[in-house]
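[1] Pasting the sequence and the predicted coordinates here, then a few questions.
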Amino acid sequence: MKKALYLICIFIYTPILWSQIQFSEQASLLGCTNSSYGTGVLGGGISFFDFDNDGWDDITVSSKTGEPVRFYKNNNGSFSEITFTNINSLYETKTVQWVDFDNDGDSDFFVTSNTDSNILYENDGAMNFTNITTQAGLTVVGHTTFGASWGDYNNDGWLDLFISSRSINDLTIPNILYKNNGNGTFTNVNAIAGISSTNHYSFCSAFFDYNNDGWQDIYIANDKQDSANILYKNNGDGTFTDNSVNSGTNISIDAMSTSIADYNNDGWLDIYITNTNNGNVLFKNNGDETFTNVASTTGTIMQSVAFGAVFLDADNDADTDLYVSGPLNTNTNSLSAAFYENDGTENYTIPVSSGFEVDLAKSFSNAIGDTNNDGYPEIVVLNYAPNNIFLWKNNCSQINNNWIKIKLEGVQSNRQGIGSWIEISVNGEKQYNYTLCGEGYLGQNSAYEFFGIGDATAIDYIKVTWLSGVVDTIVNPTINSQGIIIEGTNAIMLATNNEMKNNNIIEVFPNPNDGYFNIKTSQNLMNSNLIIKDVLGKTMYNEKLLNNTISLSHFSKGVYFAIINNGINTETKKIIIK
């Protein structure tokens, strides 16, 4: 008798865990409808910046003629469109940027245009805005401005402005370097500083320190092949020298972006420049005031039509990835967009299914921020009609790599800490971020700097080198957290999703004061520790709190920092003794 054979199949369900980079487009799902750029000359700008300082990255979108600039407030991970009084530009806009030009702690708004004047709106601290363009000395009607970048070229603690002009018809319209006078006004210093007085078809620029001498240089992307890119070396005396030829950065291409990062973590800033079909450029900084184009050898050349570009560590594995957006929207062999994953050895590849392969929109500028404060950066992209913006939600948190996010607040340096180096060490391995305002092609990234540390469970230290020369070092900071470092404190003020900077645990008053102040809190501060430091980080006072009234009447006039720790929370307050 033959025995019957039975095949028993057992199916075991195993949940899918992402082990690779994965993004999904969620703009409409998260509330960013009615956000298309429309149409216009070569697209516009986009900002992923926390404009109301509540700890959540918001989105600002430029627009075509007849449409307003649009603002999308982040409400704990989802967005709603809002309006601001007196911000009502209805002509074609390009760069949209939030910047604290007057160092008063709130974000002012700057917008450029290729058809009308640029506009600077001053924030009164309550998100009410006043057009101060004329009184600030920034009115330039018909300047055909595309990009704007902010930096402190003379290290005086005030953010200066560089605007980029791309004029096809009037070659007498120059780029302009505006010196911030510290009194609400700006002065055109082209002639004094040595900035060219002719038009170079410039899309955008970046302030950065390419030779690590403590002074911010300027790199400019110029559109036409008969106008080479320009690198201005800062001489440290208020003047610049054109070092384009000697540095090897004087390429003549259809240059769109000036994206800056230290992609290989060697402590020298590199430049990524987008282009048309002849290929993008990745300038590796050789550390001797020269650069080498390594786009082909690193795999980042693209050879399509590209505009916006941004560096980010998408999966927090401690190396720097790259995203590039472009306007091609057909199923051809040319890429509409490209995401390049860094393998940790300075080689980049395009993942097979990262999510971006479904992108067929006509795209221009892009920027990174953190939609839900999980430490994994998202990407927003500005698109032509009929597409709304793309909000590429980062799903890599499933990988469970560790991270930290850092925001800076200057005291001697400019309030936003622009131009600062942030260095971290993990098991002796270094990473470097450099703070900019005005990135890529008409973009603005989050004020937070993102660092991924992979499966490491601790950070040796964070070191911030400010433009003022002050250096802050924080040993063994808390990982998987976001925090603010105030210049001169050697401390990090941590925040959580439910406890951002504006929701203060501790209130200090009066402030400014004459040497006497009170501490108010809903928590018990008795036997908490109070440390007072000066702006150079020197500890001036270190005592247990015995009551809520503090006397510093023997201190000299100036700015100090009170660091209060009750064993559960640590908070840093700036104190001004007048």
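    The structure has been received and is ready for your questions. Residues are numbered from 1 along each chain as shown.

[2] what's the first-to-last distance across stretch 153-164?
    From its first residue to its last, stretch 153-164 covers 16 Å (C-alpha to C-alpha, to the nearest Å).

[3] Distance from the chain centre to it, please.
    Here stretch 153-164 is found 16 Å from its chain centre; the criterion is C-alpha atoms, centre = their mean, to the nearest Å.

[4] Alpha carbons of stretch 177-189, as PDB, please.
    Provided in PDB are the C-alpha atoms of stretch 177-189 (Å, rounded to 0.1, in the frame of the first residue of the first chain):
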ATOM      1  CA  LEU A 177      27.000  93.200  -0.700                       C
ATOM      2  CA  TYR A 178      25.100  95.100   1.900                       C
ATOM      3  CA  LYS A 179      26.900  95.900   5.200                       C
ATOM      4  CA  ASN A 180      24.600  95.800   8.200                       C
ATOM      5  CA  ASN A 181      25.200  99.000  10.200                       C
ATOM      6  CA  GLY A 182      23.700  97.700  13.400                       C
ATOM      7  CA  ASN A 183      21.000 100.400  13.500                       C
ATOM      8  CA  GLY A 184      18.400  99.000  11.200                       C
ATOM      9  CA  THR A 185      20.100 100.200   8.100                       C
ATOM     10  CA  PHE A 186      22.400  98.700   5.400                       C
ATOM     11  CA  THR A 187      25.100 100.200   3.100                       C
ATOM     12  CA  ASN A 188      26.100  99.000  -0.300                       C
ATOM     13  CA  VAL A 189      29.900  98.300   0.100                       C
END
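
[5] Now that stretch: buried residues?
    By neighbour count with 16 or more other C-beta atoms under 10 Å, stretch 177-189 contains the buried residues L177, Y178, K179, N180, F186, N188, V189. C-beta here means a position set from N, CA and C on the backbone, and glycine is covered the same way.

[6] Let's have these in a markdown table, adding distance to I220 and secondary structure.
    Formatted as a markdown table, the buried residues of stretch 177-189 follow (distance: C-beta to C-beta, whole Å; DSSP: H, G, I helix; E, B strand; the rest coil):
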| residue | distance to I220 | secondary structure |
| --- | --- | --- |
| L177 | 11 | strand |
| Y178 | 15 | strand |
| K179 | 18 | strand |
| N180 | 19 | strand |
| F186 | 19 | strand |
| N188 | 17 | strand |
| V189 | 16 | coil |
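
[7] and of those residues, the nearest to S296?
    Proximity of those to S296 (C-beta to C-beta) peaks at L177, which lies at 33.6 Å.

[8] doesn't I192 make contact with that closest one?
    No: between L177 and I192 there is no contact, the gap being 9.1 Å when judged by C-beta atoms under 8 Å.

[9] Tell me how many other residues crowd S553.
    Using other C-beta atoms under 10 Å, S553 is surrounded by 10 other residues.

[10] show me what contacts it?
    D514, G515, Y516 (C-beta atoms under 8 Å, 6 or more residues apart in numbering).

[11] How are the strands of the stretch 151-300 of the chain distributed by residue range?
    With DSSP state E, counting those that start in this stretch as the criterion, the stretch 151-300 of the chain has strands at 160-165, 176-180, 186-188, 202-208, 217-222, 230-234, 240-242, 259-261, 270-273, 281-285, 291-293.

[12] Mind listing the residues bridging to K574?
    Legend: beta-bridge partners of K574 under DSSP bridges are F561.

[13] mind listing what it touches?
    The contact partners of K574, taken as C-beta under 8 Å, 6+ apart, are V411, I486, N511, V559, Y560, F561.

[14] before we move on, back to that, now for the buried residues of stretch 177-189: which two are most distant?
    Within those, N180 and N188 form the most distant pair, 11.9 Å apart (C-beta to C-beta).

[15] Between the buried residues of stretch 177-189, which sits nearest N234?
    When the buried residues of stretch 177-189 are compared against N234 (criterion: C-beta to C-beta), the nearest one is L177, at 11.0 Å.

[16] Show me what the closest one is bridged to.
    F162.

[17] Which residues lie in contact with N401 in this structure?
    Counting by C-beta under 8 Å, 6+ apart, N401 has contacts D315, N316, D317, G452, I453, G454, D455.

[18] Would you quantify the distance from L159 to T549?
    Remark: distance between L159 and T549 (C-beta to C-beta, to the nearest Å) = 37 Å.

[19] Settle it for me: which of these two has more neighbours?
    Using other C-beta under 10 Å, the more surrounded residue of L159 and T549 is L159, with 26 against 10.

[20] Could you spell out the sheet neighbours of the helix or strand of the chain with the lowest mean pLDDT, each with its direction?
    Ranking every helix and strand in the chain by mean pLDDT, DSSP states H and E puts strand 506-509 at the bottom, with a mean of 73. If you go by DSSP bridges, strand 506-509 pairs up with strand 516-521 (antiparallel).

[21] now the next helix or strand after the partner strand against strand 516-521, angle please.
    Next helix or strand after strand 516-521 toward the C-terminus (DSSP states H and E): strand 529-534. Orientation check (axes from the mean of the first three to the mean of the last three C-alpha atoms, to 10 degrees): strand 529-534 against strand 516-521 gives 130 degrees.
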